[in-house]
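Trainee: Just the structure for this:
(one chain, ligands or ions: 1)
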Amino acid sequence: MKFFIDTANVDEIREANEMGMVDGVTTNPSLIAKEGRDFKQIINEICEIVDGPISAEAVSLDAEGMVAEARDLAKIHKNIVVKIPMTIEGMKAVRTLAGEGIRTNVTLVFSPLQALMAAKAGASYVSPFVGRLDDLSQEGMDLVEQIVSIYENYGYQTEVIVASIRNPLHVLESALIGADISTIPFSVLKKLAAHPLTDKGIEAFLNDWEKAKK
Ligand code: E4P
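Mentor: The predicted model follows:
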């Protein structure tokens, strides 16, 4: 399974990249706003750090506006993937952009039929938001399971990015289901590496090593 990092913070991206954990990056307008810096400047910097798909989101609501934004964003770097919201206008934009060879990531997906539509329109990626469904007492991972089955049934090439990840179990379940990608916040990525028995083991080994030297 590929790991994308779900942040617009370049320090986090750099550190995760040094760990060899970054196959791609996803951003959204909220993550960009948190940085308090120019959108394109941030995206440019990310493109310099990571050699993999980098999602930047269009904010227009009409297909024409989304397509214009997408063309502009795609000029920044060959790795740019344009995030398009899962709406009827979004589907029109995805279809046009697929025809032009501009890759899209259909975002804010909350049902398997939305994901099927995104694949039919020609999306390169689809992003089911598991955490936001869990917040409403709906099993977010059930959605991922359904999307993966549907895409397998019909051989769609659209890759499933599990998004809105809140904890390590979301990543584990994504891998067990066979989702293509998990996009992981930096805080969760660090938790994946942690285990108290690892820390305890290191401490014990170092203590014994000190004794052995005496
Ligand atoms: C990534 O593509 C999504 O925009 C992001 O994972 C949403 O996460 P949130 O639900 O925690 O805001």
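Trainee: make it CA atoms for all contacts and neighbour counts henceforth
Mentor: OK.
Trainee: Please report how far the residue in the chain positioned nearest to the ligand lies from Lys78.
Mentor: The chain approaches the ligand most closely through Ser164 (3.4 Å), counting by Cα to the nearest ligand atom. Separation of Ser164 from Lys78 (Cα to Cα, to the nearest Å): 25 Å.
Trainee: Of these two, give the one with the bigger neighbour count.
Mentor: Remark: of Ser164 and Lys78, Ser164 carries more neighbours, 22 against 15, as counted by other Cα atoms under 10 Å.
Trainee: List the contacts of that one.
Mentor: Pro128, Phe129, Val130, Gly131, Arg132, Thr183, Ile184 (Cα atoms under 8 Å, 6 or more residues apart in numbering).
Trainee: So the residue most central in space within the chain: helix, strand or coil?
Mentor: Centroid-nearest residue in the chain: Thr183, 3.2 Å away (criterion: Cα atoms, centre = their mean). Assigned by DSSP: H, G, I helix; E, B strand; the rest coil, the conformation of Thr183 is strand.
Trainee: so it bridges to which residues?
Mentor: Note on Thr183: beta-bridge partners by DSSP bridges are Phe4.
Trainee: correct me, but it touches Arg166?
Mentor: No. Using Cα atoms under 8 Å, Thr183 is not in contact with Arg166; the gap is 10.2 Å.
Trainee: Extract the C-alpha trace of stretch 187-194 and format it as PDB.
Mentor: Provided in PDB are the C-alpha atoms of stretch 187-194 (Å, rounded to 0.1, in the frame of the first residue of the first chain):
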ATOM      1  CA  SER A 187       0.800  12.800  13.800                       C
ATOM      2  CA  VAL A 188      -0.700   9.500  12.800                       C
ATOM      3  CA  LEU A 189       2.300   8.500  10.800                       C
ATOM      4  CA  LYS A 190       4.500   8.900  13.800                       C
ATOM      5  CA  LYS A 191       2.100   6.700  15.900                       C
ATOM      6  CA  LEU A 192       2.500   3.900  13.300                       C
ATOM      7  CA  ALA A 193       6.200   3.600  14.200                       C
ATOM      8  CA  ALA A 194       5.600   3.700  18.000                       C
END
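Trainee: check whether it contacts the ligand.
Mentor: No. Stretch 187-194 does not reach the ligand (Cα under 6 Å from any ligand atom); its nearest approach is 11.1 Å.
Trainee: how much distance is there from that stretch to the middle of the chain?
Mentor: Chain-centre distance of stretch 187-194: 16 Å, with Cα atoms, centre = their mean, to the nearest Å.
Trainee: Tell me which residues are up against it.
Mentor: Residues outside stretch 187-194 that contact it (Cα under 8 Å, 6+ apart): Arg166, Asn167, Pro168.
Trainee: Enumerate every residue touching the residue nearest to the centre of the chain.
Mentor: Thr183 touches Phe3, Phe4, Ile5, Asp6, Val25, Thr26, Ile161, Val162, Ala163, Ser164, Ile165, counting by Cα under 8 Å, 6+ apart.
Trainee: Quick check, pLDDT for it.
Mentor: You'll see Thr183 listed with a pLDDT of 98.
Trainee: do the same with the one 3 residues further on
Mentor: Per-residue confidence for Phe186 comes out at a pLDDT of 98.
Trainee: next one: Lys214
Mentor: Lys214 is given a pLDDT of 86.
Trainee: Ok, Gly36 next?
Mentor: According to the model, Gly36 scores 98 on pLDDT.
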